[in-house]
Structure formats: structure tokens, C-alpha cells
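Engineer: Here's my sequence, what's the structure:
(chains A and B)
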Amino acid sequence: MAGPGDIGLWTVPLAVLGGAVRVSTPFLFVSLGECITERSGRINLGLEGTLVMGAMAGYGVSYLTGSPWLGVLAAGVTGAGMGALHAAICGLPRVNDIAVGIALMLFGVGLAFYLGKPLIEPTAPHLPSIDFGWWSDIPQVRAALRINVLFLFGVALAPVLVWALRSTRWGLIIRTAGESADAALAMGYSVNWIRMRATMFGGFLAGIGGSFLSLFYPGSWNEGLSSGQGITAVALVIFARWNPMLCLGASLLFGGAAALGPALQSVGFSHGYHLFNAAPYILTLLIMIATCSPKRTLIGAPAELSITR
Amino acid sequence: MKADVGAPVSAPAAKPGVGEFLRLPPFGRQFGGAAEYVVIPALALVASLVLFGIFVALFGKNPLDLYFYMYQGAFGTWFSWQNTLTRAAPLILTALCTALPAQLGMVIIGGEGALLIGALCATSAALALQAAPPLVVDVAMALAGMAGGGLWIMLSGALRQYRGVNETISSLLLVYIALAVLNFLVEGPMRDPTSLNKPSTPEIGAANMIGSIPGMDVHWGLAFGIIAAVLSYILIYHTVFGFAARVAGGNLRAAKVVGLNVGKLILIICFLAGAAAGLAGMMEVAAVQGRTNANLAAGYGFAGILVAFLARQNPLAVIPVAVLLGGIGASGGLLQRRLGLPDASVLVLQGMIFVMVLASDSLYGRLSFFKGKS
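Structural biologist: Down below sits the predicted model:
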């Protein structure tokens, strides 16, 4: 028997498990936010840009103030600003929300690279994590169970959002706007105003998801930080049928898929590493192929959503 | 090309009433409308340039210097003109990748993926045909690149038609998958062992490189791009097939009522769109890089989306817009050297233009200047 550090091939499932928790956090925040936005009847495809802006702003503020939590807040506020921009442009007549999303995706990524240029060198303080693996002597187990506080926030947020959508006044207003803009209008609410708030909320969460990328895992700011997590998360909301709890499950699944490549690499299986990196995208595509149908609209899809009509 | 016209209504002839289905009127169909399609995007462009000037002024740079160097870097000298046109060539082709499906009402943003796959297929063809004469190799490269890129985007179209998968999301996911496939191949099976720092495929060979257009230092890709854009314009606005596509894009139910085979239209148009982007990838390999590596993911596919939207999805308007955007790209180097702006400043300006162009969509038909003219 080898020492306690040598657990052979068990490393892979452990690393996938730990990776699922780590990697899923940005997916989780972006998808929860997008879930709320889409329930209000608008789709924001620009969350990739929001995510990168959030990562940059979070890292910058954390570096300047020394407080990673202020960084998270700044990331959220930046994201909400991007959401407000999206909603403001979509509020103009005859503007397509999908196209605006694409534009803001390119704009956000470009702006973040521009403003983040001086941030590539310095190191900012990271977010703390809680050690749930204190009972174990095996370093891999401890590494897998070192869980970031933001992940726990996200996990707690999902049921809260389910409840809020179902049982609160705001939840009902958002769902009304998503199912029938006319009904919301008849009730005396401005549909644009509701969607503005829902998109800002979605941007806020996506920004926080971005701050997780730069402040915890991988934990630095560079231009290759996000590669499609934002857009994958948007697809994930469709897979999760616009239900925040299902978003949580789907995020964990995607996190696990994304962690597979690095996990295999850690045991020396590096052949096809890049193909394993594509696993979350391939999985997204396969799930969309399996769950979408040309014949009917998806169950649970907000009726006002342009992407499912 | 002939449209697949079914039994019930024999031909969707160009009766005046059908014109109401068209979302994008032909260039110059009505004088006032045509002027609007030029003036409003131009206004959006100017507004974003002003905004960008304010943006760099916030960082202590003189906006007038900015405009001067942008002009110098893009169109100021013969050298910068050639740089601009070299960048415009792939942009025309990747813009067609978005503009053609847009006729059907589809938003395809996966040109970057089709470009990469096209480059990979073209490189594979060249490496497989080492002994053949250069002309054969180049034709094979072009065909392989177009087939690869075409099938890549056709996949998005097929998923949309037969599985109801949103084509915008699927085409973007395919970009990341294409990038992973490219990285896998150039670092694994197709790697040239001598490429140490930058994993690459072997070179296609100097003899197989496509040269420059006589009299200028711009490769033939520009000519092929212009030909592709003109052919696309003719296909969309002057053939029955293109007319059928625009009917389907304007009103899906009307298209089905007159018996159009919408699925076939989607697959063919998506194949042509992807083939254009794949040809861009082939050109980048055969005229610029000489091999396939990660350098090819230079963002031409994404800038092409912007070109298509700024050209209002008109294949002919894509040409001047691509030159303009190519110029912005070409001026990036000068802005970096003279003003010390980060290389991402081009991306910021492109993003601003994109946002402004979309916001300007709400102006159509509302400017009193154009009213009463059309």
C-alpha cells in the first residue's frame, strides 16, 4: 500500500467532483441571473461580455482596495450596468434583443481587455474558501472539499429565486411580463421597466460569476479567462427549463464536464486534452439537440421569449 | 438555381403584394429608403467615433490625434490601404456567413468556427496533395475549406430546422468546439515537430501559396471575397431561389402556404454561408499564414458579424463596410505605437459601432428628412 497521498485512479472522480463545485460557480450565477431575465420575456446573449467585465472589475477593485468582497460588489454593479445598457437599447422600438446581446458580448469583452490591460501583472487578494475536508488526511480530498463561499451563496440563492418567482409580488410581475406583455400592460406596469430591472438583476449575478473567475478559480486576470462560459450558461437556462433549481443541477453537471480535462491531465492522461476542454460545449449542444423540438415550444418557456418563438 | 415550388400554388411570382413580406428591400428599390439605409448607419458610425474619442480623452489622449492616426493607419498611405484591403478580404467572406442566413431570418454568429474548420480542411488537403501541381493543390484547398466550413454552419441550420435548436447559440458553441478541435490537431496529430513555441501544422509549401493581385501587396482573397459578395447579391436579389429565401425569411407561414421547401432553403443557405467563411480560412492559410495554428483565431469571424449588421445584411454593402472595418483593424497597430493605446482599443470601437448601429435601428422611418420622399 502506498502512502495516504497516493489514491491512484480515485484522483479522477475526486478531481471531477472538486472541479464540478469550482467550475460550476460561474455557470451557476450566470444561469440564475439569465433565468430571471428570460422569465421577464427578454434574452440577454451578452452575458459573456458581462462575465468578462465582472471578472475585470472585481479583480481591479480587489487589487486597489485589498478587499475581495468589495471586488465582488464592484463586479456585480458593473454587471448590472451592462444589463441596464442592454435593457435600455432593447427598450427602443424595433430593436432585436438577440442582436443587442451579440453586440454587448463583443463590446464587453473588448472593453474589459482595454481597461484590464494594467491588471495582468499585479496579484489581487483572493476570495476565502471554507475547508470542508478537515476530517481527511488525503490531500486530494481536502482539495476537492475546499469550497468557496460564493458557491454556497449561489446554492442558497437558487431555492430563494424559485420561491420568489412563485410567491412574491415581484415574481408574479416578472412572470406576467414574460408570459404576456399585454397582460402586464393592462395591469398598469411598464413592460420595459420590468425587463430593465430583470436584466439588471441578471447582469448583477453574471458580474459576480465573473468575479469568481478572477478572484478564486482560476484566480487571476488575463484575456483568456473566460471562453464561452457566459454563452454556455445561457444555453443551460433553456436546458434547465427556466427553473432556478434545475439551473443549479445543470451547472454542477457542466462544471463536472469542464473539470474532466484538467482531472485527466492531473493523472498524466494529457492526450486529447483540448478535446476534453470542449466537453461542456459538446454536452450543451447534445442536450439542446435532445431536449429541443421543432414541433412544439418548450415546456416552461416564457411565451414572450424571442428565442423560442 | 431553381426554387422548390410545390403543387398548390404554382409560382410565387413577383406580384406587388408579395413585396410586403420582404424585410430587406432590394438596394435602391425606393430612393428615399435607400438613402435612409446609407445615412442612418453612417450617423451611427460617426456617433460611435465621437463616443470613442470621448472614451480615449478620458484616458488623457487627444481625440484629434486619435482620428488622425486612425485615418493614417487605415487610408493615409498606399501601405496602409494595402493593409486595410488585406484585412477586408476575410471580413467580406465572414460577413457573408452572417448576412446570407439573415435573409432567412436566422442569426448565425459562428463565422469564426467555420473559418477555423475551413483552414484546417484546406491545410489537410494541401498536406495530402504534396506532389500535385500548385494549381491543383490550391483548388483542392479551396474546395476542402468551403466544404468544411459549409458543413460546419449547415449543422447549425440542420439543428434549427430538424431539432428546433436556436441557431445563434449553437453556432457560437460550434466556435468553441472548432477552436478545441484546432488546438487538439495542431498540438497532436497534425503538429509539425519543428514548431516549438507555437504549435502548428507543417507548412503547405511556398509553391502552393496564393500570390498577390498584380500591382499591389494584397492577396487574391480580396478578389474572391468581392466575387463571392457579388454572387451572393445576385443569388439573393435576382434569382427565384433568393426570392424564395427572402419570402421564407419575411413570413415563414406564407412560405409554407406557397409550398416552399423551407428546410432545403435553410440547409443550402447555411452551407453557402459557411462555405464563404471556410474560404476565408483557406485564404488566410494559403495567402497569409502558410500553415494552420492558433493565430488564425484572430477574430475575423466575430468582426464579420459586425460587418454584416452594419451593411444591413446586404451582400453588396458588405464590401465597402468590410473595407471600413478592415481600416479600423489596420489602424490598431499605429494607435498602439503612437498613442500607447492597448490593442483592445479596436475591439472597444467595434463594440461601440455595433451597439450604435443596433440602437439606430429605431430611427428608420422616423427621420422627418426622409419622409415624403419615398
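Engineer: And the residue nearest to the spatial centre of chain B, how close does it get to A:M105?
Structural biologist: Chain B has B:A95 as the residue nearest its centroid, 1.6 Å off, counting by CA atoms, centre = their mean. Noted for B:A95: a distance of 17 Å to A:M105, by CB to CB, to the nearest Å. All C-beta atoms are positioned from the backbone trio N, CA, C, and that covers glycine.
Engineer: Can you give me the neighbour number for residue 261?
Structural biologist: No chain in the question, so chain A it is. 22 (other CB atoms under 10 Å in any protein chain shown).
Engineer: The chain in question should be chain B.
Structural biologist: B:N261 has 17 nearby residues by other CB under 10 Å.
Engineer: now do B:Q130
Structural biologist: Neighbour tally, B:Q130, other CB under 10 Å: 11.
Engineer: For it, which residues are in contact?
Structural biologist: B:Q130 makes contacts with B:G205, as judged by CB atoms under 8 Å, 6 or more residues apart in numbering or on different chains.
Engineer: Swap in 10 Å and give it another go.
Structural biologist: With contact taken as CB atoms under 10 Å, 6 or more residues apart in numbering or on different chains, B:Q130 is in contact with B:V137, B:P202, B:I204, B:G205, B:N208.
Engineer: Identify the farthest-apart pair in these.
Structural biologist: B:V137 and B:P202 (13.6 Å; CB to CB).
Engineer: Now for those two: what residues contact both?
Structural biologist: Common contact partners of B:V137 and B:P202 (CB under 10 Å, 6+ apart): B:A126, B:L127, B:Q130.
Engineer: dump the residue contacts of the first one.
Structural biologist: Spelled out, it's B:A126. B:A126 neighbours (CB under 10 Å, 6+ apart): B:132, B:134, B:137-138, B:140-141, B:144-145, B:201-205, B:208-209, B:282, B:285-286, B:290-292.
Engineer: Nearest to B:W152 among the shared contacts of B:V137 and B:P202?
Structural biologist: B:A126 (18.9 Å).
Engineer: Quick check, pLDDT for that closest one.
Structural biologist: We note a pLDDT of 95 for B:A126 in this prediction.
Engineer: returning to that earlier point: quick check: which element contains the residue nearest to the centre of chain B?
Structural biologist: Using DSSP states H and E, B:A95 maps to helix B:78-102.
Engineer: Around chain B, pick out the residues from the stretch 51-200 of chain A.
Structural biologist: A:85-86, A:88-118 (CB under 10 Å from any CB of the partner chain).
Engineer: Buried among those? Need that as a selection in PyMOL.
Structural biologist: Here is the PyMOL selection string for the buried members of those, based on 16 or more other CB atoms under 10 Å in any protein chain shown:
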select buried, chain A and resi 85+86+89+90+91+95+97+98+99+100+101+102+103+104+105+106+107+108+109+110+111+112+113+114+115+116+117
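Engineer: Distance of the closest residue to B:G301 other than its chain neighbours relative to A:W69?
Structural biologist: In space, and not counting its chain neighbours, B:G301 is closest to B:E112: 2.5 Å by CB to CB, 6 or more residues apart in numbering or on different chains. Between B:E112 and A:W69 the computed distance is 36 Å (CB to CB).
Engineer: can you check B:I236 too?
Structural biologist: From B:I236 across to A:W69, the span is 54 Å (CB to CB).
Engineer: Could you do B:T123 as well?
Structural biologist: According to CB to CB, B:T123 and A:W69 sit 49 Å apart.
Engineer: coming back round to it: surely the residue nearest to B:G301 meets B:S171?
Structural biologist: Yes: using CB atoms under 10 Å, B:E112 makes contact with B:S171 at a distance of 9.4 Å.
Engineer: so what's in contact with those two at the same time?
Structural biologist: Between them, B:E112 and B:S171 share the contacting residues B:C97, B:G301, judged by CB under 10 Å, 6+ apart.
Engineer: before we move on, back to that, looking only at neighbour counts, state which of B:V137 and B:P202 leads.
Structural biologist: More crowded of B:V137 and B:P202, by other CB under 10 Å: B:V137, with 24 against 18.
Engineer: Check which residues of the helix or strand encompassing that one are buried.
Structural biologist: Element membership for B:V137, per DSSP H and E: helix B:134-158. For helix B:134-158, burial by neighbour count (16+ other CB under 10 Å) applies to B:134, B:137-138, B:140-158.
Engineer: about what we covered before: B:E112 and A:W69: which is more packed in?
Structural biologist: B:E112 (30 against 18).
Engineer: Check the more buried one and give its pLDDT.
Structural biologist: Per-residue pLDDT puts B:E112 at 96.
Engineer: Next, whichever residue of the stretch 201-309 of chain A sits closest to chain B: phi, psi?
Structural biologist: Here the stretch 201-309 of chain A gets closest to chain B at one residue, A:A278, 3.4 Å apart by CB to the nearest CB. Per-residue torsions, A:A278: phi -80, psi 0 (degrees, to the nearest 10).
Engineer: okay but it is in contact with A:G261, surely?
Structural biologist: Yes: here A:A278 reaches A:G261: they are 8.5 Å apart, a contact under CB under 10 Å.
Engineer: what residues are shared contacts of these two?
Structural biologist: The contact lists of A:A278 and A:G261 share A:G272, B:A180, where a contact means CB under 10 Å, 6+ apart.
Engineer: Grab the nearest non-local neighbour of A:V72.
Structural biologist: Spatially, and ignoring its direct neighbours in sequence, A:V72 is nearest to A:S211 (4.7 Å; CB to CB, 6+ apart).
Engineer: buried set for the strand or helix carrying that neighbour?
Structural biologist: Using DSSP H and E, A:S211 falls within helix A:191-215. Neighbour counts over helix A:191-215 (16+ other CB under 10 Å) mark A:191-192, A:194-215 as buried.
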